[in-house]
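Q: Following is a predicted model, sequence given first.
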Amino acid sequence: MSSPDDLTYSTYLRLDDLLSCQSPLTERHDELLFVIIHQVYELWFKQILHEVALLQARLEAGDDAPALATARRIAKILKTVVGQLDVLETMTPQQFASFRPELGSSSGFQSIQFRYLEAVLGRRDFSQSVIDPQLDEILGRRPVFASLLCYLRAKGYRVSDEVAGRDPRLPWVADESVQAMLVDVYAAAAAPAEVCESLVDIDEGVQEWRYRHVKMVERVIGAKTGTGGSAGAAYLRSTLFRPAFPDLWEIRSRL
């Protein structure tokens, strides 16, 4: 084992390993940008999953300020992820087409970490063909909104045993009793309302990512079939405006 005195910037970050991970399949100049941006996406997805686990722990422990801080960090990361699309959109359709055939059956739709994130946020309509052991484990535990309900219940708000004990594998269905309780949370204008709003920020960030992703795909390949045979922009459009926390949006007209 080396001592801390031997540690350098390069060895701490394992830069030799990191910088050897980019292996473009062609000599086309723009392929390196394509590889790096998608690798950075995956690193951010890893960090978001790391932060969401802490967010849920803090919610379920009833820790107001720490939960709020973690939720705000996640929202900031999502802003950064969205901003990276500005860089990717400097690539023209012709530049992408110059190396696209070499991508074969690979596709962004195969990002398992993004599926994990969707599952943590509450998505439950996955095809059995895409469920792996880790995704199955995530589907069997509380999603973020259920952790929020645990937090609110601990703060004295009424969450029925039926709602609190819902099977985590079932998709969440908007609930009138939950919405009535959330109206009371917002009316009190205290820390729990801020925590709820921080989750809205996360939800909005994911939806913003989806929208910008759609427009980027349309800009680069138009209505063509996506890489790997996916439906491309047509599929991405179908995912728009599908909130992770529908009850937090539904109550807007009642506040």
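A: Nice, I can see it. Residues are numbered from 1 along each chain as shown.

Q: make it CA atoms for all contacts and neighbour counts henceforth
A: Fine.

Q: Can you report the mean pLDDT over the residues of stretch 12-22?
A: Stretch 12-22 carries an average pLDDT of 97.

Q: next one: it to chain centre, how far?
A: Stretch 12-22 sits 25 Å away from the centroid of its parent chain (CA atoms, centre = their mean, to the nearest Å).

Q: Repeat that for stretch 152-167.
A: 25 Å.

Q: again, but for stretch 22-35
A: On CA atoms, centre = their mean, the centre of stretch 22-35 falls 26 Å from the chain's centre.

Q: Can you tell me the element P171 falls in?
A: P171 belongs to no helix or strand when elements are defined using DSSP states H and E.

Q: For it, which non-adjacent residue is spatially closest?
A: Distances taken as CA to CA, 6 or more residues apart in numbering place R124 nearest to P171, at 5.2 Å, with adjacent residues excluded.

Q: do you know how far the one you found is from R141?
A: Separation of R124 from R141 (CA to CA, to the nearest Å): 11 Å.

Q: Quickly list what's touching both of the two.
A: Residues touching both R124 and R141 (CA atoms under 8 Å, 6 or more residues apart in numbering) are R169.

Q: Stretch 84-91: which residues count as buried?
A: Neighbour counts over stretch 84-91 (16 or more other CA atoms under 10 Å) mark L85, L88, M91 as buried.

Q: could I get those residues as TSV with secondary structure and pLDDT?
A: Below are those laid out as TSV (DSSP: H, G, I helix; E, B strand; the rest coil; pLDDT from 0 to 100):
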residue	secondary structure	pLDDT
L85	helix	93
L88	helix	93
M91	coil	93
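
Q: quick one: which of those is nearest to Q207?
A: L85 (14.1 Å; CA to CA).

Q: check contacts around the closest one.
A: R212, H213, M216.

Q: tell me which element the first one falls in.
A: It stands for R212. Judged by DSSP H and E, R212 forms part of helix 191-221.

Q: Quick one: mean pLDDT over stretch 160-170.
A: 94.

Q: Quick check: end-to-end length of it?
A: Start-to-end, stretch 160-170 (CA to CA) is 17 Å.

Q: residues of it that come out buried?
A: P168, R169.

Q: what's in contact with it?
A: Against stretch 160-170 from outside (CA under 8 Å, 6+ apart): R124, L139, G140, R141, R142, P143, A146, L149, C150.

Q: And the third one, its phi and psi?
A: G140 has phi and psi values of phi -90, psi 0 when expressed as degrees, to the nearest 10.

Q: how deep is it tucked in, by neighbour count?
A: Applying other CA atoms under 10 Å, we find 14 residues neighbouring G140.

Q: give the contact list for it.
A: Shown in contact with G140 (CA under 8 Å, 6+ apart): P168, R169.

Q: Relative to V120, how far out is it?
A: For G140 relative to V120 (CA to CA), the value is 10 Å.

Q: now swap in the fifth one and tell me
A: Using CA to CA, R142 is found at 8 Å from V120.

Q: same question, the fourth one
A: Relative to V120, R141 is positioned 8 Å away (CA to CA).

Q: With neighbour numbers in mind, choose between the two.
A: V120 (23 against 15).

Q: With adjacent residues omitted, what lies nearest to the more buried one?
A: Counting by CA to CA, 6+ apart, the nearest residue to V120 once its immediate chain neighbours are dropped is P143, at 5.0 Å.

Q: hang on, isn't that neighbour packed against G122?
A: Yes: look at P143 against G122 with CA atoms under 8 Å: they come within range, at 5.1 Å.

Q: what do the two both touch?
A: Common contact partners of P143 and G122 (CA under 8 Å, 6+ apart): none.

Q: so where does I36 fall, helix or strand?
A: Assigned by DSSP H and E, I36 falls within helix 31-60.

Q: between that helix and helix 191-221, how big is the angle?
A: Taking axes from the mean of the first three to the mean of the last three CA atoms, to 10 degrees, one finds that helix 31-60 is oriented at 160 degrees with respect to helix 191-221.
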